[in-house]
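In: Return atomic coordinates for the entry below.
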Amino acid sequence: MKRKPYRLAALVLLAAGAGLTVSAQAPSGGVYVLAFQDAIGPATSDYIVKGLDEAIAADAELVVIEMNTPGGLDTSMRDIIQAILDSPVPVASYVAPGGSRAASAGTFILYASHIAAMTPATNLGAATPVEIGGGPPPASPVDEDLLDDNGSEDDPARENEADTPRERDGSPSPAYPEPTTASERKAINDAVAYIRSLAELRGRNADWAEAAVRGAESLSARAALEAGVIDIIATDRNDLLRQLDGRVVDGDALSLPPSILITVIEPDWRSRLLSVITNPTIAYMLMLLGAYGLLFEGYNPGAIVPGVVGAISILLALFAFQILPVNYAGLALMLLGLILMVAEFFVPSFGALGIGGIAAFVFGSLILIDTDVPGFEVATSAIAGIAFAGSLAMMATIWVAMRARERRIVSGIEEMAGLPAEALEDFDGEGHVWVHGERWRARAATPVSKGQALTVTGVEGLMLRVEPAGRQ
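Out: Residues are numbered from 1 along each chain as shown. Okay, the predicted model is just below:
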C-alpha cells in the first residue's frame with residue numbers, strides 16, 4: 001500500500017510527459033498556407049521550399065501559395081517550381097488579394113502548380129525574359145482571317161467590338177517579332193519550352209503560355225479562366241477551399257471541410273535575414289561599410305570595432321553577391337573606384353585620382369547587378385548619394401591641400417624661417433644667436449654686432465641663415 005502513491009506519481013509524470021511530447025509536435029494534416037508579396041528571389045525560394053518540406057512532413061492535405069509578384073530571378077523561380085513538382089502534397093497557387101498579379105516568374109509558378117487560382121481584379125502573364133523585353137512594344141499583327149470576314153481593319157463594326165479574339169479567348173497572336181541576337185533566341189526558346197512543358201503536365205493552355213513568353217501577353221482572372229489558363233476564381237481563401245473540397249488531384253479527392261485546420265507558415269529568422277541581405281541596395285551598402293571599416297582599422301590598428309564591423313559586413317555582402325546575379329566587372333570597377341578615392345587622400349593629385357575613382361565607382365555601381373528584374377536593382381538614389389558624398393570629400397581634400405601649401409609652416413625646423421633673433425656676439429661670417437629661447441649657430445652675409453636684432457631667413461642643417469632685421 002505504501003508503494004501506490006509512488007506508482008501513481010510515476011503514472012502522472014509519464015502521462016504528463018506523453019502530453020508534452022504530443023503538444024510539441026507540429027499539427028499534422030490540414031492546409032498549410034505560404035504567402036509572399038514581392039519579387040521572387042533567394043529569400044522567397046528558401047521560404048517556399050522550407051514551407052513545402054514542413055507541409056510534407058506533417059502529411060498536409062493541401063498547400064496554398066498566396067502570391068502577389070512582379071516576377072523575379074530565374075534561378076529562384078526554378079527552385080520553387082522544382083519543389084512544387086517534387087511535392088507529394090497538392091499545391092494550389094493563388095493570386096490574392098484583389099489587385100495582385102502573377103507576372104513573369106509568377107506565371108510559371110501558376111502553371112507548375114497542381115491547382116491555379118486567382119481572385120477577382122487580378123492578372124497574370126507578361127512572362128517575356130526582361131533582358132530582351134525592354135524594347136518598344138511591337139505593332140499588333142493583323143489577322144488575315146479577320147480581314148476576310150469583317151472587312152478592312154478600319155471597319156467601324158470592328159471598333160465596336162469589346163476585344164480582339166486573341167484577348168477574349170486567350171489564343172496566341174498570329175506572329176511575334178523574332179529575337180535579334182543568339183542570346184535572345186536562346187532565352188526565349190528556353191522559356192517557351194519550359195512553360196509549355198509545365199502546361200502539358202497540368203493540362204493547361206500551352207498556346208497562351210507561349211504567347212505570354214513571346215509576346216508578353218497578359219490576362220485578367222476571368223479571361224484566364226475562360227482560356228483554360230487557371231482552374232478557379234475564388235473571392236478569398238475560404239471560398240478557394242470550399243471550391244476545392246472533393247476535387248480530384250493526381251487521382252485523389254481533396255477533403256477540405258470547413259473545420260479543417262489551417263496553418264499559416266511565416267518566414268523564419270533565416271528567411272528574413274536572407275531577404276534583407278539579398279536586397280541589392282543592402283548588399284551594396286554592406287560592401288561599402290565593410291571596405292571602409294577595414295580601411296579605418298588599417299589607419300588605427302587596435303581600434304577593433306571598425307575591423308570587426310567591416311569584416312562581418314564584407315562577408316555578408318560577399319554571401320549576398322554569391323547568390324545574386326552580380327556583374328563582376330561592375331564589382332571590380334567599384335573596388336577600383338574606392339582605391340582611387342582613398343589614394344587621393346594620401347597622394348594629392350589635384351583631383352585626377354579622385355575624379356577617376358568617382359567615375360569608376362558610379363559606373364561599377366550602375367552595372368553591379370546583372371539583371372533588369374523589378375526589385376533587384378541597386379537604388380539609383382543610393383548610388384547618387386554616395387557618389388555625391390565622395391565628391392564632397394575629394395573636393396574638401398583638395399581644398400585642404402591647397403590651403404596647406406599656402407600656410408606658413410608652424411612646426412619642425414622649417415618654422416624658424418622668419419623668426420626674430422638676437423646676436424650673442426660680434427661676428428663676421430659665422431657666430432651665435434639667440435632664437436626661440438635657444439642658442440643657435442648662424443651665418444650672416446654682413447658683419448653683426450652683439451645684441452643686434454636679426455631675422456632668420458633659412459635653415460641649413462643645424463646652421464641658421466640670418467640678416468639684420470628690417471632689411472627687405
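
In: going forward, measure contacts between C-alpha atoms and count neighbours the same way
Out: Fine.

In: Contacts for stretch 46-64 next, please.
Out: Applying CA atoms under 8 Å, 6 or more residues apart in numbering, the set of residues contacting stretch 46-64 from outside is 26-34, 79-80, 83-84, 87-94, 254-256, 265, 267-268, 271.

In: typo on my end, stretch 256-263
Out: Around stretch 256-263, the neighbours that count as contacts under CA under 8 Å, 6+ apart are Gly29, Gly30, Val31, Tyr32, Val33, Glu61, Leu241, Arg242, Leu244, Asp245, Gly246.

In: ranges for the strands of the stretch 251-400 of the chain?
Out: Using DSSP state E, counting those that start in this stretch, the strands of the stretch 251-400 of the chain run over 252-253, 262-264.

In: So which of the ones you listed is the most surrounded?
Out: strand 262-264 (a mean of 16; mean count of other CA atoms under 10 Å).

In: chain center to that strand: distance?
Out: In terms of CA atoms, centre = their mean, to the nearest Å, the centre of strand 262-264 is found 30 Å from the chain centre.

In: Stretch 109-122 too?
Out: Here the centre of stretch 109-122 is set off from its chain's centre by 27 Å, with CA atoms, centre = their mean.

In: can you list contacts of that stretch?
Out: 77, 80-81, 84-85, 90-102, 195, 198-199, 201-202, 204, 220-222, 229-236, 240, 249.

In: mind running it again at 6 Å?
Out: 81, 90-96, 98-101, 198-199, 221, 230-235 (CA atoms under 6 Å, 6 or more residues apart in numbering).

In: which of those residues count as buried?
Out: By neighbour count, with 16 or more other CA atoms under 10 Å, the contacts of stretch 109-122 hold 81, 90-96, 100-101, 198-199, 221, 230-234 as buried.

In: Helices - which of those residues land there?
Out: Members of the buried ones among the contacts of stretch 109-122 lying in helices (criterion: DSSP state H): Ile81, Leu198, Ala199, Ala221.

In: Nearest to Leu392 among the residues you listed?
Out: Using CA to CA, Ile81 is the member of these that sits closest to Leu392, with 48.2 Å.

In: list the contacts for Gly385?
Out: Contacts of Gly385 (CA under 6 Å, 6+ apart): none.

In: where's it relative to Ala332, distance?
Out: The gap separating Gly385 from Ala332 is 20 Å, by CA to CA, to the nearest Å.

In: Nearest approach to Thr181 belongs to which of the strands of the stretch 251-400 of the chain?
Out: With CA to CA as the criterion, Thr181 lies closest to strand 262-264 of the strands of the stretch 251-400 of the chain, at 45.2 Å.

In: per-residue confidence for the residue nearest to Met118 when sequence neighbours are not counted?
Out: In space, and not counting its chain neighbours, Met118 is closest to Val95: 4.6 Å by CA to CA, 6 or more residues apart in numbering. What the model reports as pLDDT for Val95 is 95.

In: Quick check: the gap between Val95 and Ala83.
Out: Val95 is 19 Å from Ala83, by CA to CA.
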